[in-house]
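Trainee: Okay, structure incoming, though there's no sequence with it:
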């Protein structure tokens, strides 16, 4: 497992609206980018999960906008696992601008499903992954 560092996204021109600020829908996309990056750095990238027959379906999203961003701004996104129950996982995100001020916070909740769309209990079906996610929750609380 590599070191889990924050993800940095540079706002692209196409992500802005007529007023020159980032369109609100992009922050949810950035959460996905940060989550995929986090899991890859933890050694459990999406490709590996899918090879194991596990799909991580998004079941809930929250997004609280604090301050606008604009083209070419760097947004640092700290993703962390805040809850893991064996069949579900919850991430929290804090996005900050280059000045360190929070621009957005949010969460995503995920259910683990098999290829047939049925819930998967990782403790029974994938004990190694169950242990790894449990460890990540503990490590993230210390980060």
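Mentor: That came through, no problem. Because the structure is a prediction, the values reported are computed rather than measured. Numbers count the residues shown, from 1 in each chain.

Trainee: What is the lowest-mean-pLDDT helix or strand in the chain packed up against?
Mentor: Every helix and strand of the chain was ranked by mean pLDDT, DSSP states H and E. The lowest is helix 127-142, at a mean of 84. Packed against helix 127-142 by the contact rule (3 or more Cβ pairs under 8 Å, 6 or more residues apart in numbering; DSSP states H and E) you find strand 74-84, helix 122-125. In this view, the C-beta of every residue, glycine as well, is placed from N, C-alpha and C.

Trainee: pLDDT below threshold where in this protein?
Mentor: Confidence mapping of the chain against pLDDT under 70 gives the ranges 1-2, 140-143.

Trainee: What are the boundaries of the strands in it?
Mentor: 7-10, 55-65, 74-84, 88-96, 102-113 (DSSP state E).

Trainee: ok, back up a step: quick check: which of the helices and strands packed on helix 127-142 is buried the most?
Mentor: Ranked by mean neighbour count, the helices and strands packed on helix 127-142 are led by strand 74-84 with a mean of 19 (mean count of other Cβ atoms under 10 Å).

Trainee: centre of the chain versus that one, how much separation?
Mentor: 6 Å (Cα atoms, centre = their mean, to the nearest Å).

Trainee: Give the partner strands of it in its sheet and their orientations.
Mentor: Sheet pairing of strand 74-84 (DSSP bridges) gives strand 7-10 (antiparallel), strand 88-96 (antiparallel).

Trainee: Which one of those lies nearest to residue 133?
Mentor: Proximity to residue 133, assessed across these by Cβ to Cβ, is greatest for strand 88-96 (6.5 Å).

Trainee: Measure how the closest one sits relative to strand 102-113, angle-wise.
Mentor: 160 degrees (axes from the mean of the first three to the mean of the last three Cα atoms, to 10 degrees).
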